[in-house]
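[1] coordinates for the following, if possible.
(one chain, ligands or ions: 1)
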Amino acid sequence: MSVGISKIGFFAPDEYISLAELAEQRGVEPGKYLIGIGQERQAVIPLSQDVVSMAANAAKTILDDEDRSSIDMILFGTETGVDNSKSAAIYLQQLLHLNSNIRTVELKQACYGATAGLLLAKDYVTLHPDKKVLVIGADIARYGLNTAGEVTQGGGAIAMIVSANPQILAIEDQTVHLSEDIMDFWRPLDRREAIVDGKYSTEVYLRFFQTVFEEYKTKTSLKLNDFGALVFHLPFTKMGLKALKLVLNQVDEENQEKLLSEFENSRRYNRQVGNLYTGSLYLSLLSLLDNTKLSEGARIGLFSYGSGAEGEFYSGLLQKNYKNHLNIARMTEWLEQRKKISIAQYEEVFNQALPKGEEDFNIESNVKKGQFYFAGLKDQKRIYRAK
Ligand code: ACO
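    Residues are numbered from 1 along each chain as shown. Here you go, the predicted model:
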């Protein structure tokens, strides 16, 4: 029996900024952002969205009644939790009308949380093949206006259903992980913005990738040639490209071109949205699957990295007719219909203070009780935490 990803849903708010315009405002050569960093647009996260509302929106796009009755665990990977005690996952049980006898847990290790959720879910479903697990990766990436990290912000949510006999990707058993206590990126409890040493973090990321990838090959006797594509955690898309280039010389020129071309497919959506932290690797996977011509049985290698630091390399096999389960039209339509806002508008949104207590929330009793409400927007319902 195989176990893996049956469905993938994505959500990010509609507003974005152009990074060419940000470059102009910051007095930077646009080529640095567009080519040097590899980002083109960045999602702007309004105060009305948090990781719970974004996760619920992402999950809403994929859940059907059969999923609702089979899901008995939510594993919510995030480093932008809404409470120091209460798990972000517990809100979803009610918002998504799931059974009340399910487990709801939040997992934290920087951008690695969703991978922890996915691989724990795989083991769980292997033991309980009649059950499904909802795995979330949702975050808001914030560094601050006029900081070096500003161009690598973003946010959004990925929701995945893990089940037996998956429709999209069967996860293979062998994985290799590495963890070390490293201060490359962290966010003390009283801060909304992360502290990052971006260059050091890139060095650690590349070292972790090489270490786990080489060990994975040794353990499995697989070679780079055995992969149709490698997908990476993408804080900014140039970072994944740097990692791929470290190993490309292991294959001939023709295969180098194929892997580079699949990398272009896998970074397409991340270039348009920015960093999702826990969700970035899985947005990249979705981008690959939407845009590639790889067929059933192709092996995809996945490199997950969470600063601090944890790295893991694992792989999956594409399933028959996987494209039919991706909801491509919605993604393409959404990318085209988003609304560009000016850099001044973005700065205004960015500087809005978080609500401090009940008195700051603008929606009466339901938010005060810690619940959420649904607001109609265009043809789609969106969930907002506060106005
Ligand atoms: N045209 C093309 N390329 C250019 C141009 C230009 N005009 N100007 C500069 N570049 C290239 C540079 O050569 C460099 O390329 P390289 O990396 O291949 O050498 C690249 O643009 C970036 O230039 P830098 O001077 O290194 O940029 P900066 O000092 O502003 O920092 C960085 C960039 C490190 C990515 C910064 O934005 C950052 O720290 N971001 C946060 C990254 C992060 O999140 N790290 C944690 C990872 S884990 C996680 O997801 C949280």
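[2] and the residue in the stretch 251-387 of the chain that the ligand sits nearest to, what are its phi and psi?
    In the stretch 251-387 of the chain, the residue that lies nearest the ligand is Ser307 (4.4 Å; C-beta to the nearest ligand atom). C-beta coordinates here come from the backbone N, C-alpha and C atoms, glycine included. Taking degrees, to the nearest 10, you get phi -50, psi 150 for the backbone angles of Ser307.
[3] neighbours of it, how many?
    27 (other C-beta atoms under 10 Å).
[4] ok, now which ones touch it?
    110-111, 182, 184-186, 196, 201, 204 (C-beta atoms under 8 Å, 6 or more residues apart in numbering).
[5] beta-bridge partners for the closest residue to it other than its chain neighbours, please?
    Distances taken as C-beta to C-beta, 6 or more residues apart in numbering put Phe185 closest to Ser307, at 3.4 Å, once the chain neighbours are dropped. Counting by DSSP bridges, Phe185 forms beta bridges with Val196.
[6] the helices in the chain, which residues?
    According to DSSP state H, the chain carries its helices in the segments 19-26, 30-31, 51-60, 65-70, 88-95, 113-127, 198-220, 237-247, 253-273, 280-291, 328-337, 343-351, 365-368.
[7] apart from its neighbours in sequence, what residue is nearest the closest residue to the ligand within the stretch 1-150 of the chain?
    Per C-beta to the nearest ligand atom, the residue of the stretch 1-150 of the chain with the smallest distance to the ligand is Gly36, at 2.0 Å. Spatially, and ignoring its direct neighbours in sequence, Gly36 is nearest to Lys238 (6.7 Å; C-beta to C-beta, 6+ apart).
[8] which residues touch that neighbour?
    36-38.
[9] quick one: those residues as JSON lines, columns for neighbour count too.
    Below are the contacts of Lys238 laid out as JSON lines (neighbours: other C-beta atoms under 10 Å):
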{"residue": "Gly36", "neighbour count": "14"}
{"residue": "Ile37", "neighbour count": "22"}
{"residue": "Gly38", "neighbour count": "20"}
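[10] turn these into JSON lines, including pLDDT.
    Shown next, in JSON lines, are the contacts of Lys238 (pLDDT from 0 to 100):
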{"residue": "Gly36", "pLDDT": "98"}
{"residue": "Ile37", "pLDDT": "98"}
{"residue": "Gly38", "pLDDT": "98"}
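[11] CSV for those residues, including distance to Glu24?
    Listed next are the contacts of Lys238 as CSV, based on distance: C-beta to C-beta, whole Å:
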residue, distance to Glu24
Gly36, 15
Ile37, 15
Gly38, 18
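[12] so Glu262 sits right up against Leu289, yeah?
    No. Applying C-beta atoms under 8 Å, one finds Glu262 not in contact with Leu289, separated by 10.6 Å.
[13] where does the stretch 151-300 of the chain have low pLDDT?
    Judged by pLDDT under 70, the stretch 151-300 of the chain has no weakly predicted residues.
[14] related to what we said a few turns ago, do you know which of the helices of the chain lies nearest Glu106?
    Checking the helices of the chain against Glu106 by C-beta to C-beta gives helix 88-95 as the closest, at 5.1 Å.
[15] quick one: mean pLDDT over the closest one.
    Taken as a whole, helix 88-95 carries a mean pLDDT of 86.
[16] alpha carbons of that helix, as PDB, please.
    C-alpha atoms of helix 88-95 as PDB (Å, rounded to 0.1, in the frame of the first residue of the first chain):
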ATOM      1  CA  ALA A  88      -3.600  27.000  15.500                       C
ATOM      2  CA  ALA A  89      -5.000  23.600  14.400                       C
ATOM      3  CA  ILE A  90      -7.800  23.600  16.900                       C
ATOM      4  CA  TYR A  91      -9.600  26.500  15.200                       C
ATOM      5  CA  LEU A  92      -9.800  24.600  12.000                       C
ATOM      6  CA  GLN A  93     -11.800  21.700  13.400                       C
ATOM      7  CA  GLN A  94     -14.700  24.100  13.900                       C
ATOM      8  CA  LEU A  95     -14.200  26.400  10.900                       C
END
